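Peer 1: Requesting a structural model of the entry that follows:
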Amino acid sequence: MKLHRIEIENLSSLYGEHVVDLDVDLQGAPLFVIVGPTGAGKSTVLDAVSLALFGETPRLDNSRARDRGDDVDSRHIMSRGTGVCRAVVDFSRAENDGARTRYRAGWSCHRANRQPDGAFQTTRRSLERALPEGGFELLVDDPRKKVYEPHFERALDGLTVQDFQRSILLAQGEFTALLKASADEKAAILERLTSTEIYADIGRRANAMRRAATQAFEQAQARLDALKVMAPDELSDLEARRDAAAERRDATRAELDRRDADVRWLVRAAALERDAVAEEEALAVALAAQEGARGDLARLDEDARCRPASALAAAVERDEAEREALEARGEALAATVTALDARL
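Peer 2: Here you go, the predicted structure:
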């Protein structure tokens, strides 16, 4: 993680708005010292970083303060006589591909009606992510922990406030106690600050794993020692039986191949026989149909033989019709002549 910019408003002794631009003011220096008289606000700058990232400050939220019964509410860091306070931190972290992603984390608090004598209201947490084209996009801005916490966990890549205070920000009270403590007390404080008890736990687990591995090895060795080495003549006999079994296997496979060929031939022969029977049945049906149509064929032959005379018969019929028509007209004319003669 790399810090870039810190904004402070009404935190402890730092009244009003203050900005520390580490990139511009310190030109990105990797190591710097914050100096000043007591009460100047040196620790408040570090408090602002912790508040913006985790919503806690080690000076107000640590085990010694709780043991003393002090009020550990982080909202009490608000400067006296003010109604609002906030802390904003711009930071970046390296991604797996080496690129850096920049975020802007915020913590804010105000009293009722933003008046100095108002009751403390619920704090808000906000988180923004820098855009490639410039500016920031808002990821979350909410007073509810269940809403903002997942966003901060992803942005901080799992870094907890305890990790931050042990590796990056050492609380002033813890450091003072460390300087004044005895050798044994210093060891206890360092163990609490750095969580070196986890290494003792790792050692215990590693020792347990070593014992389990040793036991497993001894059991495997015992099983190996219990194995009986085969005599040369027994080995030769076993190899001969293996070779004989291999020969029987090959012979069996060859016999299976022959049987498969026979089965395929039989299947093909059965299919051909079924096809022959079907062809014979079809031929019988065709012959029966031909026999049934024999009368129709005779009539067709007779029709074909007589068809040339059909035209002559038609002509005779036409001539006969014309003759009858002429006879009818002749009779009609004769009747007409008779009628005329009678009138004359």
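Peer 1: List phi and psi for C109.
Peer 2: phi -150, psi 150 (degrees, to the nearest 10).
Peer 1: May I have the beta-bridge partners of it?
Peer 2: C85 (DSSP bridges).
Peer 1: what's around it, how many residues?
Peer 2: By other Cβ atoms under 10 Å, 25 other residues sit near C109. (Each C-beta comes from the backbone N, C-alpha and C, glycine too.)
Peer 1: if I pick it, what's in contact with it?
Peer 2: 75, 78, 84-86, 120-121, 123-124 (Cβ atoms under 8 Å, 6 or more residues apart in numbering).
Peer 1: Could you identify which of those residues has the most neighbours?
Peer 2: C85 (24 neighbours).
Peer 1: Thought T57 was touching that residue, still the case?
Peer 2: No. Assessed by Cβ atoms under 8 Å, C85 is found out of contact with T57, at 11.6 Å.
Peer 1: what sits in contact with each of the two?
Peer 2: Joint contacts of C85 and T57 (Cβ under 8 Å, 6+ apart) are I77.
Peer 1: Tell me if I am right that E234 is in a helix.
Peer 2: Yes. E234: assigned to a helix according to DSSP: H, G, I helix; E, B strand; the rest coil.
Peer 1: Tell me, how many residues neighbour E7?
Peer 2: Residues contacting E7 under the criterion other Cβ under 10 Å number 18.
Peer 1: Report the separation between it and D90.
Peer 2: Counting by Cβ to Cβ, to the nearest Å, the gap between E7 and D90 amounts to 8 Å.
Peer 1: can you check D97 too?
Peer 2: On the measure of Cβ to Cβ, D97 and D90 end up 21 Å apart.
Peer 1: So for the two, which residue has more residues nearby?
Peer 2: D90 (21 against 5).
Peer 1: quick one: least confident helix or strand in this structure?
Peer 2: Counting by mean pLDDT, DSSP states H and E, the chain has its least confident helix or strand at helix 63-68, which shows a mean of 48.
Peer 1: Now A87: which helix or strand?
Peer 2: Under the criterion of DSSP states H and E, A87 resides in strand 84-94.
Peer 1: In terms of secondary structure, what does that strand contact?
Peer 2: Here strand 84-94 touches strand 2-11, helix 42-54, strand 100-110, going by 3 or more Cβ pairs under 8 Å, 6 or more residues apart in numbering; DSSP states H and E.
Peer 1: Could you dump these into CSV with distance to L131 added?
Peer 2: Output for the helices and strands packed on strand 84-94, formatted as CSV (distance: least, Cβ to Cβ, whole Å):
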stretch, distance to L131
strand 2-11, 16
helix 42-54, 20
strand 100-110, 10
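Peer 1: For the protein, which segments are assigned as helices?
Peer 2: Taking DSSP state H as the criterion, the chain carries its helices at 42-54, 63-68, 145-155, 161-167, 172-180, 183-194, 197-226, 232-292, 294-343.
Peer 1: Check whether G83 really touches S108, as I assumed.
Peer 2: No. If you go by Cβ under 8 Å, G83 and S108 don't touch, sitting 11.8 Å apart.
Peer 1: Least confident of the helices of the chain, on average?
Peer 2: When those are compared on average pLDDT, helix 63-68 comes out lowest at a mean of 48.
Peer 1: Contacts only, for D47.
Peer 2: Contacts of D47 by Cβ under 8 Å, 6+ apart are 11-12, 57-59, 77, 87.
Peer 1: try it again with 7 Å
Peer 2: 11-12, 57, 59, 77 (Cβ atoms under 7 Å, 6 or more residues apart in numbering).
Peer 1: Over to A315?
Peer 2: Shown in contact with A315 (Cβ under 7 Å, 6+ apart): no residues.
Peer 1: any idea how far it is from G55?
Peer 2: Going from A315 to G55 by Cβ to Cβ gives 125 Å.
Peer 1: repeat for E9
Peer 2: E9 is 16 Å from G55, where distance means Cβ to Cβ.
Peer 1: Repeat that for D262.
Peer 2: Counting by Cβ to Cβ - D262 and G55 are separated by 86 Å.
Peer 1: In this structure, which residue is most central in space?
Peer 2: Of all residues in the chain, the one closest to the mean position by Cα atoms, centre = their mean is R154, 18.6 Å from it.
Peer 1: Contact partners for it?
Peer 2: Taking Cβ under 7 Å, 6+ apart, one finds nothing in contact with R154.
Peer 1: quick one: it from R249, how far?
Peer 2: R154 is 62 Å from R249, by Cβ to Cβ.
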